[in-house]
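Chemist: 3D model of this:
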Amino acid sequence: MELFDVISEKEIVRTENIQGKIETNGFSCDTRTITPGNVFFALAGASDSGEAYALQAVEKGACAVVAGESFSLSLSVPTVIVRDVRACFARACFFAAGDPQKKIKVIGVTGTNGKTTITSLMHKILTDTGKKCAMFTTVGYDVCGAYYPSTHTTPPPEKLAPLFAQALCNGAEYAVMEVSSHSVAQKRVGALDFEVGIFTNITRDHLDYHKTMDEYARVKASFFAQCENSVINLDDERAREMAAKAKKNVFFLSKGNADADCTIEGAKLDASGMRYTLRFGQKTYEINAPLAGDFNIYNTAEAFVAALILGIDEESIRNTLSHFCGAPGRMEYVCREKLPFSVIIDYAHTPDALEKAIYACKKVTRGTLYCLFGCGGNRDRGKRLEMGKIATDGADIALITSDNPRTEEPENIIADIVSGIDTGKTNFVTITDRKEAIEYALSHAKAGDTILLAGKGHENYIDDKNGKHYFSEKEIVENFTERNGF
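Modeler: Reported below is the predicted structural model:
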């Protein structure tokens, strides 16, 4: 491979020590795995320009270094300074993998909440119609014959490119993926063109990384410049910001906005699921799905529209929707046929998601609603107060506990949450140990009650100051059910 087959002249700011072509046997951004003959991409971090890593890479045999404009070292090897080193690295990774993305139609889903559900539903729609479809979600990566646990919501390009190549080798025609704000900011998907991009919503999240909601929205919006067709939830206040950056065709979806291309009408929710009419252009579609939550009306409608854009026939889409029970850890019932009360596991870990999950549970609860949740450590502290208020305002009883405290003391996180609860409110219990908190809820619930276990979703671990260790909410519920003879 030759470096300048990957980096075009218009991307180059300046070069040093260039004497003709730069032949390479691979591309790397990690000094721990670099091998002699690789080109090293010095990716700047939050507090450095990658210079120290570049020196290590040269010592380990890098044949050249590509870096951003803040890079100031003079090296003994050819150095190429580019405008966007992360975008160049993404393209290099896919080039080295044979550019598999050029032979696969890619669908991307972005937004704070709903990404996993829509991605899983799109994958199901496509595979149900006989299409070979890869899938990349927070839960895991499916490459049409092999499955890998997720390391990131959206993998970095050095991992994503080989996975795309493997999917193509396995016959993939489509790939559907969650596109996180981190991945857009870090250009992990910089080498991809998307046939369809879907925007769900934007609510408070990741402000430890993006700092402000405006910056968070700006990053999300930039994704749509890579999308041939964009399906956008017009009922979100940031919708037009997303559309302003769209590459080509925009399809707005709404529950009542006259400017929308697609409208949701007559929506009804009950214990059996949802029913509504979707109007798209001159046609109407009657939709039924066994899912809970108003938010899932939007999720299913956006997936339906995206599938129509891809040319999937109406009846096939409706058939998949009619038996789609959701993604793992997303409003997922546990031991539904055995327990006299309902236990629902959901990934809700933001203020908006928690509020919507509580509301969805209230719609189907005949008795007391218990909401068990915590907040992650070393993350946005501001949302802790909001979530404490939301839980105690919305649920009958809030159980405040641990949720991946990481290096923070869980008791301190719980104290932050409690400080957001209105003075005089007493409908909450604090139990630091999450297993104990779950068993407390299970032992107090009566027939007709609902227990919402919020925050962990599909995750099967707790991340604390001792690292990650195995933890399964589903197993805790199943063991309780068996132990108590239900």
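Chemist: hey, let's count contacts and neighbours off CA atoms from now on
Modeler: Fine.
Chemist: I'd say K105 and M177 touch.
Modeler: No: between K105 and M177 there is no contact under CA atoms under 8 Å: 11.1 Å.
Chemist: Mind checking which of these two has more residues around it?
Modeler: Higher neighbour count among K105 and M177: M177, with 27 against 18, using other CA atoms under 10 Å.
Chemist: so the more buried one sits in a helix?
Modeler: No: under DSSP: H, G, I helix; E, B strand; the rest coil, M177 sits outside any helix and is assigned strand.
Chemist: quick one: it from K102, how far?
Modeler: Distance, M177 to K102, by CA to CA, to the nearest Å: 16 Å.
Chemist: go on, F4?
Modeler: Distance from F4 to K102, counting by CA to CA: 19 Å.
Chemist: One more: C133?
Modeler: Counting by CA to CA, the gap from C133 to K102 is 15 Å.
Chemist: Looking at the two, which is more packed in?
Modeler: Regarding C133 and K102, a neighbour count based on other CA under 10 Å identifies C133 as having more, with 26 against 12.
Chemist: Quick check, the more buried one in contact with M122.
Modeler: No: at 9.3 Å, C133 and M122 do not qualify as touching, with contact defined as CA under 8 Å.
Chemist: Need the overlap of contacts for these two.
Modeler: V176 (CA atoms under 8 Å, 6 or more residues apart in numbering).
Chemist: For the protein, give me the ranges with low pLDDT.
Modeler: 46-49, 204-210 (pLDDT under 70).
Chemist: That one - how does it break down into domains?
Modeler: Residue ranges for the domains of the chain, per automatic domain parsing: 3-96, 100-322, 332-483.
Chemist: what sits against P149?
Modeler: P149 makes contacts with V139, G140, Y141, as judged by CA under 8 Å, 6+ apart.
Chemist: Could you report the neighbour count for the last one?
Modeler: Read it as Y141. Close neighbours of Y141, defined as other CA under 10 Å, add up to 23.
Chemist: my read is it is in a strand, agree?
Modeler: Yes: under three-state DSSP, Y141 sits within a strand.
Chemist: From here on, call the first residue 22.
Modeler: Sure, I'll start numbering at 22, so the last one becomes Y162.
Chemist: neighbouring contacts of the helix or strand encompassing A381?
Modeler: For A381, the enclosing helix or strand under DSSP states H and E is helix 372-384. With contact meaning CA under 8 Å, 6+ apart, helix 372-384 is reached by 134, 224-225, 290-291, 313-316, 352, 367, 369, 390, 392, 404, 407-408, 411-412, 415-416, 471, 473, 475.
Chemist: Among those, name the buried ones.
Modeler: Neighbour-count burial (16 or more other CA atoms under 10 Å) applied to these gives 134, 224-225, 290, 313-316, 352, 367, 369, 390, 392, 404, 407-408, 411-412, 415-416, 471, 473, 475.
Chemist: Of these, which belong to strands?
Modeler: Counted as lying in strands by DSSP state E, out of the buried ones among the contacts of helix 372-384, are L290, D367, L390, C392, T471, L473, A475.
Chemist: Spit out the contact partners of the fourth one.
Modeler: Just to be clear, that refers to C392. I379, A412, A416, D417, I418, A419, L420, I472, L473, L474, A475.
Chemist: one more time with 10 Å
Modeler: Applying CA atoms under 10 Å, 6 or more residues apart in numbering to C392 gives the contacts 365, 375, 378-379, 382, 412-413, 415-421, 449, 462, 471-475.
Chemist: where's it relative to R209, distance?
Modeler: Following CA to CA, the distance that separates C392 from R209 is 36 Å.
Chemist: The second one now?
Modeler: Distance, D367 to R209, by CA to CA: 27 Å.
Chemist: Break down the stretch 272-421 of the chain into its helices, ranges please.
Modeler: Remark: helices assigned in the stretch 272-421 of the chain by DSSP state H, counting those that start in this stretch are 315-330, 335-343, 372-384, 403-415.
Chemist: ignore the last one, the stretch 122-271 of the chain
Modeler: Using DSSP H, counting those that start in this stretch, helices in the stretch 122-271 of the chain cover 136-149, 178-190, 202-206, 228-231, 234-243, 260-265.
Chemist: and those helices, which is most packed in?
Modeler: Most buried of these, by mean neighbour count (mean count of other CA atoms under 10 Å): helix 136-149, with a mean of 23.
Chemist: Could you name the helices and strands sitting against that one?
Modeler: Judged by 3 or more CA pairs under 10 Å, 6 or more residues apart in numbering; DSSP states H and E, helix 136-149 is in contact with strand 126-131, strand 154-157, strand 195-199, strand 215-220, helix 315-330, helix 335-343.
Chemist: Can you say which of these is nearest to G41?
Modeler: Taking CA to CA as the criterion, strand 215-220 is the member of the helices and strands packed on helix 136-149 that comes nearest to G41, at 34.9 Å.
Chemist: Quick check: can you name the pairing partners of that closest one and their directions?
Modeler: For strand 215-220, the pairing partners within the sheet under DSSP bridges are strand 126-131 (parallel), strand 248-254 (parallel).
Chemist: the inter-axis angle of the longest one versus helix 315-330?
Modeler: What it means is strand 248-254. Going by axes from the mean of the first three to the mean of the last three CA atoms, to 10 degrees, strand 248-254 is angled at 150 degrees with respect to helix 315-330.
Chemist: Could you pull out the buried residues of strand 248-254?
Modeler: C248, E249, N250, S251, V252, I253, N254.
Chemist: could you dump the residues you listed to TSV with distance to R35?
Modeler: Conversion of those to TSV gives the following (distance: CA to CA, whole Å):
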residue	distance to R35
C248	31
E249	33
N250	36
S251	36
V252	39
I253	40
N254	42
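Chemist: Look up which residues are beta-bridged to the closest residue to K276 other than its chain neighbours.
Modeler: Spatial nearest neighbour of K276, excluding adjacent residues (CA to CA, 6 or more residues apart in numbering): I285 at 4.7 Å. Bridge pairing for I285 (DSSP bridges) gives the partners L299.
Chemist: Contact partners for I285?
Modeler: With contact taken as CA under 10 Å, 6+ apart, I285 is in contact with 274-278, 297-301, 305-306, 308, 318-319, 322.
Chemist: Put the buried members of those residues into a PyMOL selection.
Modeler: If you want just the buried ones from the contacts of I285 in PyMOL, going by 16+ other CA under 10 Å, the selection is:
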select buried, resi 274+275+276+297+298+299+300+301+308+318+319+322
